[in-house]
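**Student:** Quick one, what's the 3D model for this:
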Amino acid sequence: MLKTASLENSIKLKELGVKQISDYYWWKSPDGTKADIFPKHLIPDWADCYSAFTVSELGEMFNEIGADLFIKAYGEVFNFKGTQNVGVLGVINLMRNPDKSSKMVIYLKEQNLI
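**Tutor:** Here you go, the predicted model:
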């Protein structure tokens, strides 16, 4: 099963100005009651859709900040304030869960860190 950022987080990322470049997109039904993920090549140019970022796509966005800012941001988002012990476990946690990764990108964008 394909793991991507949730529709809610994908909408927020688009609102924050994150470029909508992904291999998959959330596309709502014409009546707006349902949304599903489709590969990029199946989405018409006219469609109003949201990038359904994968973990690797979100990970590329993290490259723009240093390790100290990453650790601080992780602590703020996931309530580990004041810790320097996020390290590998925090990174692994993000790399397994695109919704957590998307929350990090949202925080970083809102704080103008990326």
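
**Student:** In which helix or strand does the residue most central in space within the chain reside?
**Tutor:** Against the mean C-alpha coordinate of the chain, by C-alpha atoms, centre = their mean, the closest residue is S102 at 2.4 Å. Taking DSSP states H and E as the criterion, S102 maps to helix 98-110.

**Student:** Mind listing what's buried along that helix?
**Tutor:** 98-109 (16 or more other C-beta atoms under 10 Å). Every residue, glycine included, has its C-beta placed from N, CA and C.

**Student:** Same check on stretch 7-18?
**Tutor:** For stretch 7-18, by 16+ other C-beta under 10 Å, it's 7, 9-10, 12-14, 18.

**Student:** surely Y107 meets F78?
**Tutor:** No - counting by C-beta atoms under 8 Å, Y107 stays clear of F78, with 9.6 Å between them.

**Student:** outside of stretch 7-26, which residues touch it?
**Tutor:** For stretch 7-26, contacts defined as C-beta atoms under 8 Å, 6 or more residues apart in numbering pick out 2, 4-5, 35-40, 43, 47, 49-54, 57, 61, 99, 102-103, 105-106, 109-110.

**Student:** show me where pLDDT drops low in the chain?
**Tutor:** 80-92, 94 (pLDDT under 70).

**Student:** Distance check, the most far-flung residue of it relative to its centre against N93.
**Tutor:** Within the chain, D31 marks the point farthest from the mean C-alpha position, 25.5 Å out by C-alpha atoms, centre = their mean. Distance from D31 to N93, counting by C-beta to C-beta, to the nearest Å: 37 Å.

**Student:** can you pull out the strands in the chain?
**Tutor:** Counting by DSSP state E, the chain has strands at residues 24-28, 35-39, 49-51.

**Student:** ranking those by burial, who's on top?
**Tutor:** Greatest average neighbour count among these goes to strand 49-51 (a mean of 22), per mean count of other C-beta atoms under 10 Å.
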